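**Student:** What shape does this take:
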Amino acid sequence: MKLAILALAGATFLLAAEKGFTPLFDGKTLNGWTLFSKGKGSGYIVENGSIVCPADGGGNLLTDKEFANFVLRFEFKMEPGGNNGIGIRAPQAGDIAYSGMEIQVLDHDHERYKGKLKPTQRHGSIYDVVPANGEALKPAGQWNKEEIVADGRKIKVTLNGKVLVDANLDDVKDPAVLKKHPGLARTTGHIGFLGHGTRVEFRNIRLKELK
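**Tutor:** Now for the predicted structure:
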């Protein structure tokens, strides 16, 4: 009886924690998403309930809807050396790391990146703007849980329960950075996956809009 009560309590807690969230992916199709800047390869596919950027795929897979302020939750896993990104408040054109914002998705400790990365290129960073603080990335091949909160000028990135970024975009004052990243001024846009020809899988993608 105690085990049953605990299980019910756990389920109730999970439901409460997810209250207000809406799936962005139906687990079967790419309905609600559009591929931009595909280049060569197969773009994105659906496999076993996940959106997959194959090793020969990539491009910008963006939601058809735009979102301003939100909590985005998802799970992901990468092959060794995996490289992708989460576009937020993104337009449909341009390099979204600059025309919008990109939250880095990267197996940053892989041999291919050693000695080549700036702090603002490590996983969880607001790419080329705000560095991630600390380590929480699981080894390649394991599922990670991530949450991105965009609330006005505040951007927060939490990976596997650890806060990596808690930034106020108004604190970015460097004129060169602001000129290079006009997307920091955007207040709304699409959410998307920004693939670079390495296998990365995403699942359980859901969002809660904030007022």
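**Student:** dump the residue contacts of residue 195.
**Tutor:** The neighbours of residue 195, taking CB atoms under 8 Å, 6 or more residues apart in numbering as the test, are 44, 53, 57, 58, 59, 60, 61, 84. In this view, the C-beta of every residue, glycine as well, is placed from N, C-alpha and C.
**Student:** now the helix or strand hosting the fifth one, how far from the chain's geometric center?
**Tutor:** Following DSSP states H and E, the helix or strand that holds residue 59 is strand 58-63. Here the centre of mass of C-alpha atoms in strand 58-63, compared against the chain's by CA atoms, centre = their mean, to the nearest Å, lies 12 Å away.
**Student:** next SSE after that strand?
**Tutor:** Using DSSP H and E, the next helix or strand after strand 58-63 towards the C-terminus is strand 70-78.
**Student:** buried set for the very next helix or strand once past that following strand?
**Tutor:** On the C-terminal side of strand 70-78, the closest following helix or strand by DSSP H and E is strand 83-90. When neighbours are counted by 16 or more other CB atoms under 10 Å, the buried residues of strand 83-90 are found to be 83, 84, 85, 86, 87, 88, 89, 90.
**Student:** Return the set of residues that bridge with the residue nearest the centre of the chain.
**Tutor:** The chain has residue 86 as the residue nearest its centroid, 3.3 Å off, counting by CA atoms, centre = their mean. Beta-bridge partners for residue 86, by DSSP bridges, are residue 103, residue 193.
**Student:** Is it in contact with residue 72, as I believe?
**Tutor:** Yes - with contacts counted by CB atoms under 8 Å, residue 86 reaches residue 72, the gap being 7.5 Å.
**Student:** what is in contact with those two at once?
**Tutor:** With CB under 8 Å, 6+ apart, residue 86 and residue 72 have common neighbours 148, 191.
**Student:** how about the helices in this structure?
**Tutor:** Remark: helices assigned in the chain by DSSP state H are 2-17, 96-99, 175-180.
**Student:** Rounded mean pLDDT for the strand holding residue 59, please.
**Tutor:** The average of the pLDDT scores along strand 58-63 is 94.
**Student:** can you list contacts of it?
**Tutor:** Strand 58-63 is contacted by residues 24, 30, 32-39, 41, 43-44, 51, 53, 87, 90, 92, 96, 190-197 when judged by CB under 8 Å, 6+ apart.
**Student:** Thanks a lot, catch you later.
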